[in-house]
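In: Sequence and predicted structure, then a few things I'm wondering about:
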Amino acid sequence: MKAYHLIKNGSSKEAFELRNIILPEVKENEVKIEVEVFGLNFADVMARLGYYRACPPLPAVIGYDVVGKVIETGKNVKDIATGQRVTALTRFGAYATHVITNQSGVVPIKDDTDAATATALATQYATAYYASEFSMSLQVGEHVLIQAAAGGVGTALVQLAKRKGCIVYGTAGSEEKLSYLKEQGVDFPINYKNQDFYEYILSLKGEKSLDAVFDSIGGNSVKKGLKLLAPGGRLAMYGAAQIAGDSDSKSLYRQLKTLFGFGKYRATQFFANSQALIGVNMLQIGDFKPYILKKCMTDIVELYENGEIKPVISKVFDSSELAEAHDFLQKRKSVGKVVVKW
């Protein structure tokens, strides 16, 4: 058994080392999986750069989602059998040929399901489903802004919002990605490099015109999003990608810019306007409400098998190209999911 260990923060070319691993015994509520592919998420980039507080002490095996075959189950695992193919959300440890994870984050998939596609269903689609269904409860006809809408979670949110009959505004950083957003059904694609999303929506719809905002950027983006919320509006945060930038080194300036960019809020302003500022972290949901994680993943797999959602795979890298995969994601070259195969 092998795993890529994050051994140092900084450049992707120097950050990872392939090492042998010995996994512990499978506990009563756990499942052991032989991994076909694992997925990359922007949180992985944040961990590599040293910005992600939840990352275990180095050296560490990071990563959140895998697809593979179950080779062992704990005695309390009843709905997952040895030999089944599954998609799984892990609490780190995904950059490995074998992983052990709690059954709450494991859902069977059909034998002919594309491995890369199934990987997207775990972290990214489960996050989007929890945010849109549980946290935000999107309704027909609502006006919804999705930041970084061409990314993995962004794509999932677009599909789920359109499924609900929402009017979607989506931001991306190139004309190519704007074309992609149009293909995905985004009603108002916005190139954030050429146009300030706040000014654009303000001129188009006026103040207090949005019902829901999904933000993975952080900082000033959140402050502007809150200004656009209508009474009864909700803003969900599930990242702070602005901190990372394109550099491989930590930047105190970017950290402070992001922190102060959020602005200051009073509890009374949300009460007075019947609004909500919501944080989304699926690791915490998995730890404290595993039944919710299980439902999210089960529902997402069902939606996929029914043809109601369609994950988009940006690129599949060989495991020997892990550094290139990280750079591809960090430099915002991807649309949809980035996957690594063994």
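Out: Everything's here; your move.
In: so which strand or helix has Val99?
Out: strand 98-102 (DSSP states H and E).
In: mind checking how far the spatially most central residue of the chain is from His5?
Out: In the chain, the residue lying closest to the centroid (Cα atoms, centre = their mean) is Gln124, at 3.8 Å. From Gln124 over to His5 the distance is 24 Å, taken as Cβ to Cβ, to the nearest Å. For the C-beta atoms, the positions are set from N, CA and C on the backbone; glycine is no exception.
In: Likewise for Ile100?
Out: 16 Å.
In: swap in Tyr180?
Out: On the measure of Cβ to Cβ, Tyr180 and His5 end up 34 Å apart.
In: Which of these two has more residues huddled nearby?
Out: Between Tyr180 and His5, Tyr180 has the larger neighbour count (other Cβ atoms under 10 Å), namely 22 against 19.
In: Show me what the lengthiest strand in the chain is packed against.
Out: What stands out as the longest strand in the chain, according to DSSP state E, is strand 30-40. With contacts taken as 3 or more Cβ pairs under 8 Å, 6 or more residues apart in numbering; DSSP states H and E, strand 30-40 sits against strand 65-73, strand 85-89, strand 98-102, helix 115-121, helix 322-330, strand 337-341.
In: Let's have these in JSON lines, adding distance to Phe288, mean pLDDT and mean neighbour count.
Out: JSON lines is the format used below for the helices and strands packed on strand 30-40 (distance: least, Cβ to Cβ, whole Å; pLDDT from 0 to 100; neighbours: other Cβ atoms under 10 Å):
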{"stretch": "strand 65-73", "distance to Phe288": "19", "mean pLDDT": "98", "mean neighbour count": "22"}
{"stretch": "strand 85-89", "distance to Phe288": "14", "mean pLDDT": "98", "mean neighbour count": "27"}
{"stretch": "strand 98-102", "distance to Phe288": "12", "mean pLDDT": "98", "mean neighbour count": "22"}
{"stretch": "helix 115-121", "distance to Phe288": "22", "mean pLDDT": "96", "mean neighbour count": "26"}
{"stretch": "helix 322-330", "distance to Phe288": "28", "mean pLDDT": "96", "mean neighbour count": "20"}
{"stretch": "strand 337-341", "distance to Phe288": "26", "mean pLDDT": "97", "mean neighbour count": "25"}
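In: same for the helix or strand hosting Phe271, what does it pack against?
Out: Following DSSP H and E, one finds Phe271 within helix 267-273. Counting contacts by 3+ Cβ pairs under 8 Å, 6+ apart, helix 267-273 is packed against strand 229-237.
In: Identify each buried residue in the strand it packs on, please.
Out: Neighbour-count burial for strand 229-237, counted by 16 or more other Cβ atoms under 10 Å, picks out Leu229, Ala230, Gly233, Arg234, Leu235, Ala236, Met237.
In: who touches the residue nearest to Lys193 when sequence neighbours are not counted in this structure?
Out: With sequence-adjacent residues excluded and distances taken as Cβ to Cβ, 6 or more residues apart in numbering, Lys193 is closest to Gly173, at 5.2 Å. Contact analysis of Gly173 by Cβ atoms under 8 Å, 6 or more residues apart in numbering lists Asn191, Tyr192, Lys193, Arg332.
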